[in-house]
Structure formats: structure tokens, C-alpha cells
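Engineer: Got a sequence here, can you model it:
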Amino acid sequence: SAIFDLVTDGQLPIRMLPVILDEKHVPEYVEQTKQLHYFCGSNPTGHYCLDLEKSVDAILGEHLVAQNCWEIEVMKAQGAVDCSQKGNFQLFRNERFNYN
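Structural biologist: Numbers count the residues shown, from 1 in each chain. Take a look at the predicted model:
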């Protein structure tokens, strides 16, 4: 149970950073990877504001696109009704590019 608690503790990676990185780099790392701290890869719902020039955000964006493609194929294979915003099975809604 103690091991399970450590594995499922979302703050464990942040608490381990001083062991892995020089302590002065921890705040910078946390800031650069903040999108990942709230991301659930198996259920990526929510609002994302990604800066695709940052490698972590670009990887996260690639995962969102891959997950979207997977979900589209599953819906089509199951004969599901298209409930997309634009009638194209895409699960992205209200997406914007270069929006401030």
C-alpha cells in the first residue's frame, strides 16, 4: 500500500526533482513542464493552451492529435453518430491557432 501510494502520488515527480536536478533548476523545470502535471493521457479532456515552440507542449499536442485520431477510428468502427462540432468526427472543439 505504501508503494502504491508513492506510485499514484501526482506530486512524487516534483518532490523527486531535487534528487535528479540541481535544486536551482527545479523551478524552471516545473514551469516548463506545467502542462504535464495536469494532463491525463487516457482521458485528455479540458482546455489546453500550448506553445508549440516548447518541446513539452509540442509532445503534448502530438499526443492529443494521436488520441483524437484513435477515438475517431473507434467511433467509426462502432458506427457511432458524429457528435463533432463541425461534422467531421474531430473531437477538438473551439480550437484556435496563434490566439492570445
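
Engineer: hmm, who's touching the top helix by length along the chain?
Structural biologist: Longest helix in the chain by number of residues (criterion: DSSP state H): helix 55-77. With contact meaning Cβ atoms under 8 Å, 6 or more residues apart in numbering, helix 55-77 is reached by 32-33, 35-36, 39, 41, 44, 48, 50-52, 80, 82, 89-92. For glycine as for every other residue, the C-beta is placed from the backbone atoms N, C-alpha and C.

Engineer: Write a PyMOL command that selects only the buried members of those.
Structural biologist: In PyMOL syntax, the buried subset of the contacts of helix 55-77 is picked out as below (16 or more other Cβ atoms under 10 Å):
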select buried, resi 33+35+39+89+90+91
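
Engineer: Please spell out which residues along the longest helix of the chain are buried.
Structural biologist: 56-57, 60-61, 64, 72, 75.

Engineer: The spatially most central residue of the chain: what's it in contact with?
Structural biologist: Centroid-nearest residue in the chain, with Cα atoms, centre = their mean: F39, separated by 4.0 Å. Counting by Cβ under 8 Å, 6+ apart, F39 touches L60.

Engineer: give me phi/psi at it?
Structural biologist: Backbone torsions for F39, taken as degrees, to the nearest 10, come to phi -90, psi 130.
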